[in-house]
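Peer 1: What follows is a predicted protein model with its sequence.
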Amino acid sequence: MSPTVEIRNVTKKFGSFVAVDNLDLSIGKGEFFGFLGPNGAGKTTTIKMITGLYSPTSGSCLINGFDVHRDPVPAKRSLGYVPDQPFMYEKLTGREFLYFIGGIFSMRVAVVKERIGEYIEMFELGDFIDKRGEEYSQGMRQRIVLSAAMIHDPGVLIIDEPLVGLDPRSSRLVKDTLKQRTTQGLTIFMSTHLLEIVEELCDRIAIIKQGRIIYEESRGGARRSNGQLETMFLELTK
């Protein structure tokens, strides 16, 4: 399985503080990867380096073979990103925001229109797609931002706490969609504190503590974990 996300000996320092310490990971095409760790472990810093928001102090991050910092345009064209706090322009409707994102990726208007229709049905956006972002709840924003991250059909999706603010039905819609997309070849790098979601969805996990990987495992989903992930996580990160 060829890697679509590569983190090569990456270190990130803020002054004398080492937030990420010589991190080395490789994630293959179609993998659903869970990135776990306690608060302050380095998860979000790692994600910001993969997406190009932070530059590593040393090492490199590659998306589909392109260095995110040396070749940012081709790397980011095949990347979708959903941050832990979903951002929208308050005065744009959900539909306008999706057209705006499609324009950033130089997509044809007809293709964007078709994709918007698909996501309206997939995530049940019809009741609010034409309302302004300032009227949205957290869950509404999350579904729009997830649609925006996937509208250009990226090969890699980076998501930080994807189910924040979602009601049970919306959560199920998102989980089913993400898992289905990995069977179609989408690589997902997910950071979350919801261990039951990791057990249900992830093919492989890594646990980070104080900027270093302390545990890595191929899981095969909940069938192998039997609910023991929480006990193991607490023991390793205490």
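Peer 2: Arrived safely, thanks for sending.

Peer 1: so the most centrally placed residue in the chain bridges to which residues?
Peer 2: In the chain, the C-alpha nearest the mean C-alpha coordinate belongs to Ile159, at 1.6 Å (C-alpha atoms, centre = their mean). Beta bridges link Ile159 to Val82, Met190, judged by DSSP bridges.

Peer 1: from memory it sits against Leu194, does it?
Peer 2: No - applying C-beta atoms under 8 Å, one finds Ile159 not in contact with Leu194, separated by 11.9 Å. Bear in mind the C-beta positions are built from the backbone N, C-alpha and C, glycine included.

Peer 1: before we move on, back to that, return the distance of the residue nearest to the centre of the chain relative to Met88.
Peer 2: Distance of Ile159 to Met88, computed by C-beta to C-beta, to the nearest Å: 16 Å.

Peer 1: what's the answer for Lys48, then?
Peer 2: 19 Å.

Peer 1: Apart from its chain neighbours, what residue comes closest to Ile151?
Peer 2: Arg115 (5.0 Å; C-beta to C-beta, 6 or more residues apart in numbering).

Peer 1: For the one you found, grab the count of nearby residues.
Peer 2: 20 (other C-beta atoms under 10 Å).

Peer 1: who are the neighbours in contact with the residue nearest to Ser78 when sequence neighbours are not counted?
Peer 2: Once flanking residues are discounted, Ser78 sits nearest to Gly155: 4.4 Å by C-beta to C-beta, 6+ apart. Gly155 sits next to Thr4, Lys29, Ile63, Asn64, Ser78, Leu79, Gly185, Leu186, Thr187 when contact means C-beta atoms under 8 Å, 6 or more residues apart in numbering.

Peer 1: do the same with Val109
Peer 2: Counted by C-beta under 8 Å, 6+ apart, Val109 has contacts Tyr99, Gly102.

Peer 1: any idea how far it is from Leu98?
Peer 2: Val109 is 12 Å from Leu98, by C-beta to C-beta.

Peer 1: again with Thr11
Peer 2: Distance from Thr11 to Leu98, by C-beta to C-beta: 37 Å.

Peer 1: higher neighbour count, the two?
Peer 2: Taking neighbours as other C-beta under 10 Å, Thr11 and Leu98 compare with Leu98 leading, 24 against 16.

Peer 1: Go ahead and list the helix or strand containing Asn9.
Peer 2: Using DSSP states H and E, the element containing Asn9 is strand 3-14.

Peer 1: For the lengthiest helix in the chain, what is the distance to the chain centroid?
Peer 2: Counting by DSSP state H, the longest helix found in the chain is helix 168-183. Relative to its parent chain, helix 168-183 has a centroid offset of 13 Å by C-alpha atoms, centre = their mean, to the nearest Å.

Peer 1: and what of stretch 129-147?
Peer 2: With C-alpha atoms, centre = their mean, you get 18 Å for stretch 129-147.

Peer 1: low-confidence ranges in this structure?
Peer 2: Applying pLDDT under 70 to the chain flags residues 1-3, 219-227.

Peer 1: swap the cut-off to 80 and go again
Peer 2: 1-3, 164-165, 218-227 (pLDDT under 80).
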